[in-house]
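Q: How does the following fold in three dimensions:
(2 chains)
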Amino acid sequence: MSTHTLTARLHGAGIGRGLAVGRVLRMPDPLPEPATTASTLTAAAELTRASTALAATAVDIRDRGARAGGAARDVLEAQAFMAEDPTLEADVEARLETGLTAERAVYEAFASFRDLLLNMGGYMGERATDLNDVSQRVVAHLQGVKAPGIPNPDYPFVLVARDLAPADTALLDLDKVLALITSDGGPTSHTAILARDKAIVAVVGVSGALELAEGETVIVDASTGTVTSAPSADEVAAAETTRAERLARPAAPTGAGALADGTSIPLLANLGSADAAADAVAKGAEGVGLFRTEFLFLDAQSAPTVEAQQEQYTRLLAAFPGKKVVVRALDAGADKPLSFLNDSAEENPALGLRGLRALRANEQILRDQLTALANADAETEADLWVMAPMVSTVEETRYFTALGRELGLKTLGVMVEVPSAALLADRILADADFASIGTNDLTQYTLAADRLLGSVAALQDPWHPAVLRLVGEVGRAGQTLGKPVGVCGEAAADPLLAVVLVGLGVTTLSMSPAALSDVRAELLLHTLDEAKAFALTALAANSAFEARAAVLEAQAAQRDT
Amino acid sequence: MTERTALIASSHGLHARPASLFTQAVAKSGAKVTIAKAEGKAVNAASILGVISLGIENGDTVTLSTDSAEATSVLDDLVGMLERDLDAE
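A: Predicted coordinates for the structure are as follows:
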């Protein structure tokens, strides 16, 4: 380099504690919508262009599939078929007759099939993103520009993007990704969840991330949430040494979760199927803090039988003899509708008939599920706790616990995801045996920011003092009444926030198994008094950003002394 | 024009994987085949988007048509395929 570039440090929310040094690869921005201006060529000439681009795209996609292998190969093979589909080509041809350019006709034809699939919903609706991806690739080919989507170079890289969609990450070659940096999205974004799950170094919500240049070397330190651009040779060398030291160190402390003063904080796993139980145990889970039962019901036209459910629950419980397993009753949410529970379209599904409300409207489904759980409990040695999703009132709490006890269950609790439930936690916990805080939904409802809407993603941050104050209400009620209070949202997987939650009175933490070791390590660094001091520091802040920064500062001050 | 009807056996209908297997088999046969639901519009049976857009469910009856010289053997194979549960394979 002829000129010396100034080293700059960018900040965001670090996921995990990893460190990476590597070259930046930018995720290309989506192509703009092709203009509707009339073509200067004949329809026949445009059709030749379109057909050539469609065929070339199919070849390219098939090539990538052959290189990727495995599950990605099947996905890409299906995409290649879409590019060479005769009905699509006929549709493009018809649109070209009206004088459109090949770019516009291809764009419109794919869009019309995409809308068709979206209207069909379910599995086909999910394939709609595939059509978007193919459409962009064909248009890019026609315009002679780089195809958007996940780049796939031959060298390891640090991926920089606005945010990643599930369709992007499905095709990401994780072996080549050294780190992820996003400009948008918070600690509960899809990127953050993926990074945590796959143990990839990531810093999300980094302002200025999009100014990082393709090919430049950066240091990504998730433990401090820092991205260093244009680092000096000394800094790179120091980072490489630190990284080698961390790798050489024995993985992470094992054993039961506890604070530095010995206060026990059981660390549990969030699971979505009985198959994942062995992996959770291997990663040190002391039980299950959230078992999602939706998988039993997805794609089903009607609820499975008591016997079918009982078999699955028995498999799960058998993997945790003598351990606590918290099962959540079916949670048909705004983002995961189930037609047999609620078939009516709602203007605001997050505020509609969901969670316990939907179960109550279909009580037989709830009764069958609780019966299957009670039967599985009788056959196994695990300590089964059952909780209701999205409870908003004391009356709903009483309804659920009474029904559960009637059907033979011993320990019944509620999810606290709605501010009303957090505010009345003292009365709710007078009846329920325990509470588990779902921080993702609690944040969405507290800040009135749709979890699924990118434009308000910045508000979806569980560090927000308003959210923490509500967590504190539940923690205080639990301590007064001697009832356990857990957290099972993404917040529990953020090591430093986990310490704050404990300071607010939370007694157990549940997370994706991949996050357990980082949280276990962080808890061991702090006493309960320190955790309480961190909690007060966070509560005194004006924003999520300030709360995180203030606690990071307090943590640094503690290390220096 | 030779026509044959078939009762869809795949548990989730002709969506996703079954649709993909079926359209690939049609393409491999080299014959120009159309598929239609009851009184509905006939679409190119080699087109995955066309077939999916018909929204064919388990238990639906569909009509396959072709002008191919080997109509009988082509349609026998395809009908046999539709009457198996492709989701289970």
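
Q: Was I right to think A:Tyr445 contacts A:Ala421?
A: No. With contact defined as C-beta atoms under 8 Å, A:Tyr445 does not reach A:Ala421; the gap is 9.7 Å. C-beta coordinates here come from the backbone N, C-alpha and C atoms, glycine included.

Q: and the two? which has more neighbours close in?
A: More crowded of A:Tyr445 and A:Ala421, by other C-beta atoms under 10 Å in any protein chain shown: A:Ala421, with 28 against 23.

Q: Quick check: that one touching A:Ile428?
A: Yes. Counting by C-beta under 8 Å, A:Ala421 touches A:Ile428, with 5.9 Å between them.

Q: Name the spans of chain B whose pLDDT lies under the cut-off.
A: B:16, B:89 (pLDDT under 70).

Q: need the helices for it, in chain order.
A: With helices called from DSSP state H, chain B shows them at B:16-29, B:48-53, B:71-82.

Q: so which of those comes closest to A:Asn362?
A: helix B:16-29 (27.4 Å; C-beta to C-beta).

Q: Which positions in the closest one come out as buried?
A: For helix B:16-29, the neighbour count (16 or more other C-beta atoms under 10 Å in any protein chain shown) marks B:Ala16, B:Arg17, B:Pro18, B:Ala19, B:Ser20, B:Leu21, B:Phe22, B:Thr23, B:Ala25, B:Val26, B:Ala27, B:Ser29 as buried.

Q: Equivalent analysis for stretch B:29-48, please.
A: Neighbour counts using 16+ other C-beta under 10 Å place B:29, B:31, B:33-37, B:42-48 of stretch B:29-48 among the buried residues.

Q: Over to stretch A:35-49?
A: Across stretch A:35-49, burial judged by 16+ other C-beta under 10 Å covers A:Ser39, A:Ala43, A:Glu46, A:Leu47, A:Arg49.

Q: mind listing what A:Cys200 touches?
A: Heads up, residue A:200 is Ile, not Cys. A:Ile15, A:Gly16, A:Gly18, A:Leu174, A:Val177, A:Ala179, A:Leu180, A:Leu194 (C-beta atoms under 8 Å, 6 or more residues apart in numbering or on different chains).

Q: ok, and the closest non-adjacent residue to the residue most central in space within chain A?
A: With distances taken as C-alpha atoms, centre = their mean, A:Ile193 lies nearest the centre of chain A, 3.5 Å away. In this structure, A:Ile193 finds its nearest non-sequential neighbour in A:Glu490, 6.7 Å apart by C-beta to C-beta, 6 or more residues apart in numbering or on different chains.

Q: how long is stretch B:7-27 end to end?
A: Terminal residues of stretch B:7-27 lie 21 Å apart, using C-alpha to C-alpha, to the nearest Å.

Q: got the contact list for it?
A: Residues outside stretch B:7-27 that contact it (C-beta under 8 Å, 6+ apart): A:78, A:81, A:123-124, A:127, A:299, B:33, B:45-48, B:51-52, B:54-62, B:77-78, B:81-88.

Q: now do 6 Å
A: Applying C-beta atoms under 6 Å, 6 or more residues apart in numbering or on different chains, the external contacts of stretch B:7-27 come out as A:78, A:123-124, B:33, B:45-46, B:48, B:51-52, B:56-58, B:60-61, B:81-87.

Q: residues making contact with stretch A:416-435?
A: By C-beta under 6 Å, 6+ apart, stretch A:416-435 touches A:390-392, A:394, A:397-398, A:401, A:411-414, A:437-438, A:441-442, A:445-446, A:470, A:473-474, A:477, A:481, A:483-485.

Q: quick one on the thing from earlier: rebuild the contacts of A:Ile200 as a markdown table, extending it with secondary structure, neighbour count and pLDDT.
A: Below are the contacts of A:Ile200 laid out as a markdown table (DSSP: H, G, I helix; E, B strand; the rest coil; neighbours: other C-beta atoms under 10 Å in any protein chain shown; pLDDT from 0 to 100):
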| residue | secondary structure | neighbour count | pLDDT |
| --- | --- | --- | --- |
| A:Ile15 | strand | 30 | 82 |
| A:Gly16 | coil | 23 | 75 |
| A:Gly18 | coil | 22 | 84 |
| A:Leu174 | coil | 10 | 75 |
| A:Val177 | strand | 22 | 89 |
| A:Ala179 | strand | 27 | 93 |
| A:Leu180 | strand | 28 | 92 |
| A:Leu194 | helix | 20 | 69 |
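
Q: tell me which of those is nearest to chain B?
A: A:Leu194 (23.7 Å; C-beta to the nearest C-beta).

Q: Could the C-alpha coordinates of the helix or strand where A:Leu117 lies be exported in CSV?
A: Applying DSSP states H and E as the criterion places A:Leu117 in helix A:102-120. Provided in CSV are the C-alpha atoms of helix A:102-120 (Å, rounded to 0.1, in the frame of the first residue of the first chain):
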residue,chain,number,x,y,z
ALA,A,102,-36.1,-9.3,-21.6
GLU,A,103,-35.0,-8.1,-18.1
ARG,A,104,-38.5,-6.7,-17.3
ALA,A,105,-40.4,-9.7,-18.8
VAL,A,106,-38.2,-12.2,-16.8
TYR,A,107,-38.7,-10.2,-13.6
GLU,A,108,-42.5,-10.0,-14.0
ALA,A,109,-42.9,-13.7,-15.0
PHE,A,110,-41.0,-14.8,-11.9
ALA,A,111,-42.9,-12.3,-9.7
SER,A,112,-46.2,-13.7,-10.9
PHE,A,113,-45.2,-17.3,-10.1
ARG,A,114,-43.8,-16.1,-6.8
ASP,A,115,-47.1,-14.5,-5.8
LEU,A,116,-48.9,-17.7,-6.8
LEU,A,117,-46.7,-19.8,-4.5
LEU,A,118,-47.0,-17.2,-1.7
ASN,A,119,-50.8,-17.5,-1.9
MET,A,120,-50.5,-21.3,-1.6
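
Q: circling back to that earlier point, and chain B, which of the buried residues of stretch A:35-49 contact it?
A: With the criterion set as C-beta under 6 Å from any C-beta of the partner chain, no member of these is near chain B.
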